[in-house]
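Sequence unavailable; structure follows:
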């Protein structure tokens, strides 16, 4: 809901969104409004399954996040590092064909996570994630928010992409040859 409000307001008033710092202040505004207005917990509105097993929420959550990269939300790490790993979870790896699922309690909790004062609620890790929406809900995929009607959303491995990495010596010689 916060992302949707931010997105709609930015589209109507692009002149008010001039920098990343200003954008974060707008997000703070919409997040604060969400805390004041309150958002219902998702436990009765979605069914979360990982590897065909239903996952229950240990506490009321207002957001479920599926990640397959080390960070999101502008550099926020949502999964454990090697030293923080706890059973039954594994460290996040972009090459293990698995995705990680975390929960966010509310906008305040997300803000705490962003500044390193808290951690998300670790829910599950697996090769296939299915989220069934029982009613219209705000969703966001890859930064794009919208209001989604009841449906089933599946996340699973599709294919790997090769990444080109240039070593610093080679990069320097390429830059010098282009001068």
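Right, received. Where do you want to start? Bear in mind the structure is a predicted one, so any value in this text is a computation, not a measurement.

residue nearest the centroid of the protein?
residue 65 (4.5 Å; C-alpha atoms, centre = their mean).

Please name the residues that touch the closest residue to that residue other than its chain neighbours.
With sequence-adjacent residues excluded and distances taken as C-beta to C-beta, 6 or more residues apart in numbering, residue 65 is closest to residue 102, at 5.1 Å. The way it works is simple: take the backbone N, C-alpha and C, and place the C-beta from them, glycine included. Applying C-beta atoms under 8 Å, 6 or more residues apart in numbering to residue 102 gives the contacts 64, 65, 67, 78, 79, 120, 121, 122, 123.

Let's have the residues you listed in CSV, adding secondary structure.
Below are the contacts of residue 102 laid out as CSV (DSSP: H, G, I helix; E, B strand; the rest coil):
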residue, secondary structure
64, strand
65, strand
67, strand
78, coil
79, coil
120, coil
121, strand
122, strand
123, strand
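
Tell me where the chain has strands.
Assigned by DSSP state E, the chain shows strands spanning 46-50, 53-55, 63-67, 71-72, 76-77, 99-104, 121-126, 128-133, 137-141, 144-148, 151-156.

of all the ones you listed, which lies closest to residue 115?
strand 76-77 (9.1 Å; C-beta to C-beta).

Quick check: bridge partners of the residue nearest to residue 65?
On the basis of DSSP bridges, residue 102 takes part in beta bridges with residue 65, residue 122.

Low-confidence ranges, the protein, go.
Applying pLDDT under 70 to the chain picks out residues 1-7, 27, 30-31, 33-39, 71-75, 80-86, 160-179.

at 90 instead, please
Filtered on pLDDT under 90, the chain yields the residue ranges 1-43, 62-63, 67-100, 104-122, 137-147, 155-179.

Quick check: which of the strands of the chain is nearest to residue 9?
Using C-beta to C-beta as the measure, strand 144-148 is the one of the strands of the chain that comes nearest residue 9, at 11.6 Å.

who does the closest one pair up with?
Next to strand 144-148 in the sheet, as set by DSSP bridges, lie strand 137-141 (antiparallel).

and the angle for the strand it pairs with with strand 128-133?
Interaxial angle, strand 137-141 versus strand 128-133 (axes from the mean of the first three to the mean of the last three C-alpha atoms, to 10 degrees): 150 degrees.

coming back round to it: mean neighbour count, the strands of the chain: which tops it?
Ranked by mean neighbour count, those are led by strand 99-104 with a mean of 22 (mean count of other C-beta atoms under 10 Å).

Would you mind getting the angle between it and strand 151-156?
Orientation of strand 99-104 against strand 151-156 (the same axes, to 10 degrees) gives an angle of 130 degrees.

List the contacts of residue 133.
Neighbouring residues of residue 133 by C-beta under 8 Å, 6+ apart: 45, 46, 139, 148, 149, 150, 151, 152, 153.
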